[in-house]
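[1] turn this into a structure:
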Amino acid sequence: QVQLVESGGGSVQAGGSLRLSCAASGRTFSTYNMGWFRQAPGKEREFVAVISWNGVSTNYADSVKGRFTISRDNAKITMYLQMNSLKPEDTAVYYCAADTLGFFRATATEASAYGYWGQGTQVTVSS
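    Numbers count the residues shown, from 1 in each chain. Alright, predicted model coming up:
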């Protein structure tokens, strides 16, 4: 069983920054590909970013490329999402997710590849 807990959400003005954290449980975190997804009111959950189990490979949604940076610290069993130049359209609940088969496959952008999810943290960007 994997438990994920997000933190770091809040309210900021457009152009501001936030850093989200995702703390995981378990001794095998270093073998998971980890992803961030978000869901805005009335919209489907969408992919934001993913990082491979060893941190070597990352992938981003086009809408956040150049503004968001995903990273991880396997020693701290934590993943991060640094969000800069935030826009009102970034407003959503942000979820972290674990692909526990990540050691055996490439990073995935589909939510169906992730078996474990956090409870989400709200990010609100005002104009």
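[2] where's the residue nearest in space to the middle of the chain, which helix or strand?
    Closest residue to the average C-alpha location of the chain: W36 at 2.2 Å, with C-alpha atoms, centre = their mean. Assigned by DSSP states H and E, W36 belongs to strand 33-39.
[3] for F68, give its distance to D62.
    Separation of F68 from D62 (C-beta to C-beta, to the nearest Å): 11 Å. Where you see a C-beta, it was placed from the backbone N, CA and C, and this is true even at glycine.
[4] neighbour count for the two, which is higher?
    Ranked by neighbour count (other C-beta atoms under 10 Å), F68 and D62 place F68 first, with 21 against 6.
[5] where does S112 fall, helix, sheet strand or coil?
    Following DSSP: H, G, I helix; E, B strand; the rest coil, the label given to S112 is helix.
[6] and it, how far is that from G35?
    Going from S112 to G35 by C-beta to C-beta gives 12 Å.
[7] for the two, indicate the residue with more neighbours.
    Taking neighbours as other C-beta under 10 Å, S112 and G35 compare with G35 leading, 29 against 6.
[8] pLDDT score for the nearest residue to the more buried one once chain neighbours are set aside?
    Closest residue to G35 apart from its sequence neighbours, by C-beta to C-beta, 6 or more residues apart in numbering: V50 at 4.1 Å. Here the pLDDT value assigned to V50 is 98.
[9] mind checking the SS state of V50?
    Using three-state DSSP, the structure places V50 in strand.
[10] A61 is in contact with that one, correct?
    No: using C-beta atoms under 8 Å, V50 is not in contact with A61, being 9.6 Å away.
[11] okay, and the common contacts of the two?
    Both V50 and A61 are contacted by T109, under the criterion C-beta atoms under 8 Å, 6 or more residues apart in numbering.
[12] who has more neighbours, the two?
    Using other C-beta under 10 Å as the criterion, V50 and A61 rank with V50 on top: 26 against 16.
[13] which ones are touching that one?
    V50 makes contacts with N33, M34, G35, W36, T58, N59, I70, T107, A108, T109, as judged by C-beta under 8 Å, 6+ apart.
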